[in-house]
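> My questions are about this predicted structure, shown below with the sequence.
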Amino acid sequence: MNGQKVRFSLFTGADPDYNQSKRSIAPHVMGDNREDRVMDVYYIGIDLGGTNVAAGLTDETGRLLGKFSRPTPRGAEAVADAIAQAAREACRAAGIAPEAARSVGVASPGSIDPAAGVVEHAFNLGLDHVSLAQLVEERLSLPALLENDANAAALGEFAAGAGKPFRSLVAVTLGTGVGSGAVLDGRLFTGFNYAGMEAGHMVTHRGGRECTCGRRGCWETYASATGLIRSTREAMQAHPESGLWRFAPTLETVDGKTAFDAAQAGDAAARGVVEAYTADLACGIINLIHLFQPEVLCVGGGVAKQGDYLLGPVRALADREEFTRDAARRTRICTAELGNDAGIIGAALLPLYR
Ligand SMILES: [Zn+2]
């Protein structure tokens, strides 16, 4: 079985000889069940967020056939009800009965135990040791799986986005923090205790900015949108003459675009912010490449909308600092492709990549 092969093999990074057969991982595609080959197979994916519950129905390639989103209530029973309702509405939008789906996967924020189907803590949703998978199964009469939201987003990008032609991918999302996930040799990497991976909390600046996790100098305190906004505000306070103030008249109006907009307009202080931000982002990305040597590393989240203006310099730094000298065997650094759908699609396809 594929899982055993991965379990007992030594991980060495991307296999350049690998061809596009990775979709044969799905057991029902790989096996001899002829009925499965001709039947359409559907999966429900849920992205449980602090603001919205987003649901989607996909086929086995991760193609979204129907979607539905609604506000997230607070409390275990209400969240489970909202998930079931959003799932049914997504199926209705696709014109397919919910019973036709094989499973429902839920991507949840917070601390998750996927094996037990339990959300250990997601305090902003009012969830504390909740058997969410079981509550969802009771409501939809479908097998339910649970995964951390950043891991699900990485799986979505791997299966249907930036990682589609490849066998290994690392996904990084620049938001309030830095979300991260990895699919290595076709399997979602979670660590033995499912707490992996939290690249945002690797220290890139020892003794640096205080992080919500209790450490100092975590990558996300610099490379997240929050970190960028903080650096932008610091530059504005240090440079009252800066053109940054034209793009954000008050410190409260600074967002993840302010420094990029002012830098492109030629402001020196803004350029300093962007250069430091780019170098900090690249530092963590190169660390991840050194560790995993994935075929592709994709960057998502609001800040990634800067596209090549951001990733061009990151690639140049990576070219200089990577161990791999052969250009054809280097990790491809690109923007994520699925946006907010990555979590839904990854959650839906969880049973195929576990
Ligand atoms: Zn941290």
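Nice, I can see it.
> Show me what from this structure comes close to the ion.
Residues of the chain found near the ion (C-beta under 5 Å from the ion) are His201, Cys211, Cys213, Arg215, Cys218. (Glycine included, C-beta is placed from N, CA and C.)
> Can you tell me which of those has the most neighbours?
Cys218 (28 neighbours; other C-beta atoms under 10 Å).
> Touching, it and Arg206? I think so.
No: Cys218 is not in contact with Arg206 according to C-beta atoms under 8 Å; the separation is 10.3 Å.
> just to revisit the earlier point, quick one: the residues of the chain next to the ion as JSON lines, columns for secondary structure, pLDDT and distance to Arg70 too.
Formatted as JSON lines, the residues of the chain next to the ion follow (DSSP: H, G, I helix; E, B strand; the rest coil; pLDDT from 0 to 100; distance: C-beta to C-beta, whole Å):
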{"residue": "His201", "secondary structure": "helix", "pLDDT": "96", "distance to Arg70": "31"}
{"residue": "Cys211", "secondary structure": "coil", "pLDDT": "95", "distance to Arg70": "32"}
{"residue": "Cys213", "secondary structure": "coil", "pLDDT": "90", "distance to Arg70": "31"}
{"residue": "Arg215", "secondary structure": "coil", "pLDDT": "96", "distance to Arg70": "36"}
{"residue": "Cys218", "secondary structure": "strand", "pLDDT": "98", "distance to Arg70": "33"}
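> can you give me the strands in the stretch 151-300 of the chain?
Using DSSP state E, counting those that start in this stretch, the strands of the stretch 151-300 of the chain run over 169-174, 178-184, 187-189, 296-300.
> Tell me which of those strands sits most buried.
Of all those, strand 169-174 carries the top mean neighbour count, a mean of 29, counting by mean count of other C-beta atoms under 10 Å.
> Against which helices or strands is it packed?
helix 149-160, strand 178-184, helix 268-292, strand 296-300 (3 or more C-beta pairs under 8 Å, 6 or more residues apart in numbering; DSSP states H and E).
> centre of the chain versus that strand, how much separation?
6 Å (C-alpha atoms, centre = their mean, to the nearest Å).
> Over to stretch 218-238?
21 Å.
> Return the set of buried residues in it.
By neighbour count on 16 or more other C-beta atoms under 10 Å, the buried set for stretch 218-238 is 218-229, 231-233, 235-236.
> Point out the most buried one among the helices and strands packed on strand 169-174.
helix 149-160 (a mean of 30).
> And that one, what does it pack against?
strand 42-48, strand 101-108, strand 169-174, strand 178-184, strand 187-189, strand 296-300, helix 341-348, helix 350-353.
> Make CSV out of the ones you listed and add mean pLDDT and distance to Asn148.
Formatted as CSV, those follow (pLDDT from 0 to 100; distance: least, C-beta to C-beta, whole Å):
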stretch, mean pLDDT, distance to Asn148
strand 42-48, 98, 11
strand 101-108, 97, 7
strand 169-174, 97, 12
strand 178-184, 96, 8
strand 187-189, 94, 10
strand 296-300, 97, 15
helix 341-348, 98, 10
helix 350-353, 93, 11
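> How much space separates the closest residue to Ala279 other than its chain neighbours from the ion?
Excluding its sequence neighbours, the residue lying closest to Ala279 (C-beta to C-beta, 6 or more residues apart in numbering) is Leu317, at 6.8 Å. In this view, Leu317 and the ion are 23 Å apart by C-beta to the ion, to the nearest Å.
> How about Ala133?
28 Å.
> Is that residue located within a strand, as I assumed?
No: looking at Ala133 with DSSP: H, G, I helix; E, B strand; the rest coil, it is helix, so not inside a strand.
> Residue ranges of each domain in the chain, please.
40-148+344-353, 169-337 (automatic domain parsing).
> Give me whichever of those is most buried.
Using mean count of other C-beta under 10 Å, domain 40-148+344-353 ranks as the most buried of the domains of the chain, with a mean of 20.
> Give me the distance between the two termini of that one.
19 Å (C-alpha to C-alpha, to the nearest Å).
> change the start of the numbering to 8 and stick with it
In the new numbering, first residue 8, that becomes domain 47-155+351-360.
> how close does Ile296 sit to Gly353?
22 Å (C-beta to C-beta, to the nearest Å).
> my bad, Gln92
21 Å.
> now swap in Gly133 and tell me
Taking C-beta to C-beta, one finds Gly133 at 24 Å from Gly353.
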